Structure formats: structure tokens, C-alpha cells
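Student: everything below, folded, please.
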Amino acid sequence: MYVGGIALFNAFLLIALKPEVLNVISQSYKSVCATGVPVNGTSSLEDCFNLVLAYDVPFLAFVGFFIALLYSGAFGLWYDRFPGGPVIKGETIAAVVGLSMVFFGYSGFYFNYESALAGGLFFLAWTAVFGYVVGKLYKRYTRLVSFESEDPGSMKVALDGREVTGKARTLSLTSTHKLRADVSEGSSFKEWVSSGGISLEDSRSFETTFEVNGDGLVKGRVGKKY
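Tutor: This is a model prediction of the structure:
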């Protein structure tokens, strides 16, 4: 959605300001794009303009897609580390994506004052929309699950192999995860207690799985060996 919108807007901008674009092409690429009748292997201005639409605009979208995909993956991986609520988190990653697009030169085609103004304003607004949608969709398809231990000194809670005792993690809706109790010597695992939208497979097993159907809490109970 994000890079596609940018590409379409830039294609529209190039067509709307075609006379200015042709002038830039004729001035910057005289040896390649002939201003009059093509000679000595040169192309017409119209051919060069069509090449920009057919190849440069899709290339902008192609590279931009992978930039956005890279940072969106990082967003999902480190979502819980971002400050603020879902929309603030989404706007944060959108700002990072937007700055990267500008830094690498894939934010659009700026060939005169009008294109720079229109393209810049659109890019800022579209990046803000991108962040809002990402934040809202991420919230829609994820749920917050907290993990606790009755005695953190005697038992640690591991989620998919990572220790999460006393922490909360954002997990995909309807996803299934592995849960394990790492009990210290001299202690004995009792059971798992869950609340909210958490469905445990076996609450009496120290190693089990659960499904996320809503926000919830998973708590491990532990006792001492006699």
C-alpha cells in the first residue's frame, strides 16, 4: 500500500507536469534523448519519458517495498520495545521507513519547485497514513499476554525458549506457543493458571502449549520439595 501509493502519485505527477519533465530530460540527457528528430542512436524525448514511467517508477516501488518490508519485520520483532500505544508505535516505524526512503533517494521524483512541494507534502501525509494503518492493523491482529511466576526465585517462565518472567508480550491472535517452567533445585512445579483469552493444552504439565484468543495472563505455581 505504502510504496504503491508513492509510485502511483509520482507517475501522476510526471504526467501532470510532462512539459517540465521533458525539459529536464532534454537538458540533462542531450546525448541520449534528442530534442528533435532522433539521430545517431539517440531516442526521442517521448521515448525517454515513457522509459521513466515504465522502468524508473516501478524500480522506485520495487526498492521501496524491500525497505518498508525490512523495517516492518523489525517492527514486528521488537514491537514491545517501542514506546507508546499501537498508533504511536506505527508512526515511529513509519518515520524510520520514510527517512530511509529519503536518505537512499527513493521517496519520489523532484525535478522542479512544484514537484518538490507536491511530492514532499504527499510523502509526509502518506507516511503518516502508513504508520496509522500499521499501528491499527497490528493491534487488531495481536493480543497482549502477561507471564508471571508465583515465586520468581524458584521458577522462571519461558515462552518459545525465551525467559519472560514478569513480562508482557504481544502475540498474534490465534497463534500457538510453547510454555515451559524452569524450576530451581529444591522446588516443584504445581500447575499453570491462566485468565482472559488464553487456552492451555495441559495446565498440569511443566511444559505445554497455549493458544492466544485474547488478552490474558499466564501464571506458574510452584512449591517446595519435601
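
Student: where do the helices of this protein begin and end?
Tutor: Per DSSP state H, the chain has helices spanning 2-16, 18-28, 45-51, 57-77, 86-104, 113-140. These are given in chain order.

Student: turn those helices into a markdown table, including mean neighbour count and mean pLDDT.
Tutor: No exception for glycine: its C-beta is placed from N, CA and C like everyone else's. Formatted as a markdown table, the helices of the chain follow (neighbours: other CB atoms under 10 Å; pLDDT from 0 to 100):
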| stretch | mean neighbour count | mean pLDDT |
| --- | --- | --- |
| helix 2-16 | 18 | 94 |
| helix 18-28 | 15 | 88 |
| helix 45-51 | 15 | 88 |
| helix 57-77 | 16 | 92 |
| helix 86-104 | 18 | 94 |
| helix 113-140 | 16 | 94 |
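
Student: those: which one's closest to Thr176?
Tutor: helix 57-77 (17.2 Å; CB to CB).

Student: elements contacting that closest one?
Tutor: Counting contacts by 3 or more CB pairs under 8 Å, 6 or more residues apart in numbering; DSSP states H and E, helix 57-77 packs against helix 2-16, helix 86-104, helix 113-140.

Student: centre-most residue in the protein?
Tutor: Ser72 (1.8 Å; CA atoms, centre = their mean).

Student: mind listing what it touches?
Tutor: 93, 97, 134 (CB atoms under 8 Å, 6 or more residues apart in numbering).

Student: and for Pro152?
Tutor: 165-166.

Student: quick check: pLDDT value at it.
Tutor: For Pro152, the model assigns a pLDDT of 92.

Student: kindly report the same for Gly197.
Tutor: Gly197 is given a pLDDT of 95.

Student: and if you look at Pro38?
Tutor: So, for Pro38, pLDDT stands at 60.

Student: about what we covered before: distance to Gln27 added to the helices and strands packed on helix 57-77, as a markdown table?
Tutor: Listed next are those as a markdown table, based on distance: least, CB to CB, whole Å:
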| stretch | distance to Gln27 |
| --- | --- |
| helix 2-16 | 16 |
| helix 86-104 | 25 |
| helix 113-140 | 15 |
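
Student: any idea how many residues pack against the nearest residue in space to Asn213 that is not next to it in sequence?
Tutor: Nearest non-adjacent residue to Asn213, counting by CB to CB, 6 or more residues apart in numbering: Gly197, 4.0 Å away. Number of residues near Gly197 (other CB atoms under 10 Å) recorded here: 16.

Student: could you list the domains of this structure?
Tutor: Per the record, the chain has its domains at 2-140, 142-224, by automatic domain parsing.

Student: how distant is the lengthiest strand in the chain from the center of its chain?
Tutor: Longest strand of the chain, by residue count under DSSP state E: strand 207-224. Put simply, strand 207-224 sits 29 Å off its chain's centre (CA atoms, centre = their mean, to the nearest Å).

Student: what average pLDDT does that strand get?
Tutor: 94.

Student: give me the buried positions along it.
Tutor: Buried residues in strand 207-224, defined by neighbour count with 16 or more other CB atoms under 10 Å: 208, 210, 212, 215-218, 220-222.

Student: with that, I have no additional questions.
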